[in-house]
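[1] Quick check, what structure comes out for this input:
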Amino acid sequence: MATYVNNLRLKEIATGDESGTWGTSTNTNLELVTDGFSYGTKQMAADANETFTMPDATADATRGFYLKITSASSLTATREVTLGPNTVSKVWLIENSTTGSQIITIKQGSGATVNIANGSKVMVVTDGVGAGAAVINANPTEVGGSVTSVAVSGGTTGLTTSGGPVTGSGTITFAGTLAVANGGTGVTTKTGTGAVVLGTSPTLVTPVLGTPASGNLQSCTADGTDEVGFKNIPQNSKSADYTLVLADNGKHIFHPSTDAVARTFTIPANASVAYPIGTALTFVNMTTQVVSIAITTDVMRLAKDGTTGTRSLAIYGSATAIKIEAALWLISGSALT
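    Predicted structure coming up:
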């Protein structure tokens, strides 16, 4: 009596059976053996779990090496596909080509199962041990498939993200300040807000530094000296009464010969213009008209006798006032009374 206990469910002819007809059964077996290396398609009949059983000695796609599983309707949830009988030990390359973008779970008995994502191909092995049969993933890395969702995070960089997760296409936006420890500059805007950390003794090639509103320049030299400032005494020419401003520090206030009118040049009080101690203001008069050098509420003393009050500067006169205390100036010069 013939049996079908092999893994391809081929007909095994008993000794002495099928005299005169065994050739037909043998040819069928050979054809089924070749089917074991072939490609086949099985369709799930409904949106439900399905069982595909390899029949005895009959051609069927379940016997093929490459088994493509489709569905007659769109799946709405993960569905199980059971490969029978549970005594068959075999290798399959299974493709989930169902509609509905659902996972299919391949099983054989009550043992382990393998999930196959929609659009993916996975090689599996059934162990065929019977009721407790298991399915083994023989190819842990799926062949093909697609990523359905990508989450994005700034991690420990200090950056924040928006726009994730991406499930097909989209834009991820980063915000915040990338810290120096994470490869950033620590600067919050392109205008330079923040602190930029440079290497030791960096070389800046033709930098454009601009004009800072304020700041301290320390441990620097200019032309081999320990001072940074004007290399001359810049001129501020005035042909009208004038109250000095902070920007006049280190300059000379010039009364030109073309303005033959008496003028008053006034040093403002420390409360309104806080010149630093050591400020030097120079006055030059090139006309026959006297220039009066006045001060508001602070004190200006004449160097030779310490008297206070407004001073007069005659033609071709030059005088310099030096701030020696917060509200005290000392003035000296030629043609000065």
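
[2] in this protein, which helix or strand is least confident?
    Least confident element among the helices and strands of the chain, by mean pLDDT, DSSP states H and E: strand 143-144 (a mean of 54).

[3] And the next helix or strand past that one?
    strand 160-162 (DSSP states H and E).

[4] Quickly list the domain ranges of the chain.
    As assigned by automatic domain parsing, the chain contains the domains 36-144, 235-336.

[5] Of those, which shows the lowest average pLDDT?
    Of all the domains of the chain, mean pLDDT reaches its minimum on domain 36-144 (a mean of 91).

[6] Now render the domains of the chain as CSV, adding distance to Thr161 and mean neighbour count.
    The way it works is simple: take the backbone N, C-alpha and C, and place the C-beta from them, glycine included. Converted to CSV, those look like this (distance: least, C-beta to C-beta, whole Å; neighbours: other C-beta atoms under 10 Å):
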stretch, distance to Thr161, mean neighbour count
domain 36-144, 26, 17
domain 235-336, 47, 16
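
[7] Now distance to Gly176 too, for the ones you listed, in CSV please.
    Compiled in CSV, the domains of the chain are given as follows (distance: least, C-beta to C-beta, whole Å):
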stretch, distance to Gly176
domain 36-144, 35
domain 235-336, 38
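
[8] For Ile13, find the nearest of those domains.
    domain 36-144 (10.5 Å; C-beta to C-beta).

[9] now Ser214: how far from Val208?
    Per C-beta to C-beta, to the nearest Å, Ser214 is found 19 Å from Val208.

[10] Oops, could you answer that again for Leu302 instead?
    46 Å.

[11] Could you identify the helix or strand that succeeds whichever strand or helix holds Trp92?
    Using DSSP H and E, Trp92 sits within strand 90-96. For strand 90-96, the succeeding helix or strand toward the C-terminus, using DSSP H and E, is strand 104-107.

[12] Can you show me the helices along this structure?
    In the chain, the helices defined using DSSP state H lie at 22-35.

[13] residues in contact with Ala274?
    Leu246, Ala326 (C-beta atoms under 8 Å, 6 or more residues apart in numbering).

[14] again, 10 Å this time
    Leu246, Pro268, Lys323, Ala326 (C-beta atoms under 10 Å, 6 or more residues apart in numbering).

[15] Tyr39 touches Leu93, doesn't it?
    Yes. In this structure, Tyr39 is within contact of Leu93 by C-beta atoms under 10 Å, at 9.2 Å.

[16] Touching both of the two, which residues are there?
    Residues touching both Tyr39 and Leu93 (C-beta under 10 Å, 6+ apart): Gly64, Phe65, Tyr66, Leu67, Lys68.

[17] now, among these, which is nearest to Gln102?
    Using C-beta to C-beta, the shortest approach to Gln102 within the shared contacts of Tyr39 and Leu93 belongs to Lys68, at 15.7 Å.

[18] Show me what that closest one is bridged to.
    Beta-bridge partners of Lys68, counted by DSSP bridges, are Thr41, Glu95.

[19] doesn't Tyr39 make contact with it?
    Yes. Between Lys68 and Tyr39 there is a contact under C-beta under 10 Å: 7.2 Å.

[20] Now do the shared contacts for these two.
    Both Lys68 and Tyr39 are contacted by Ala61, Leu93, Glu95, under the criterion C-beta under 10 Å, 6+ apart.
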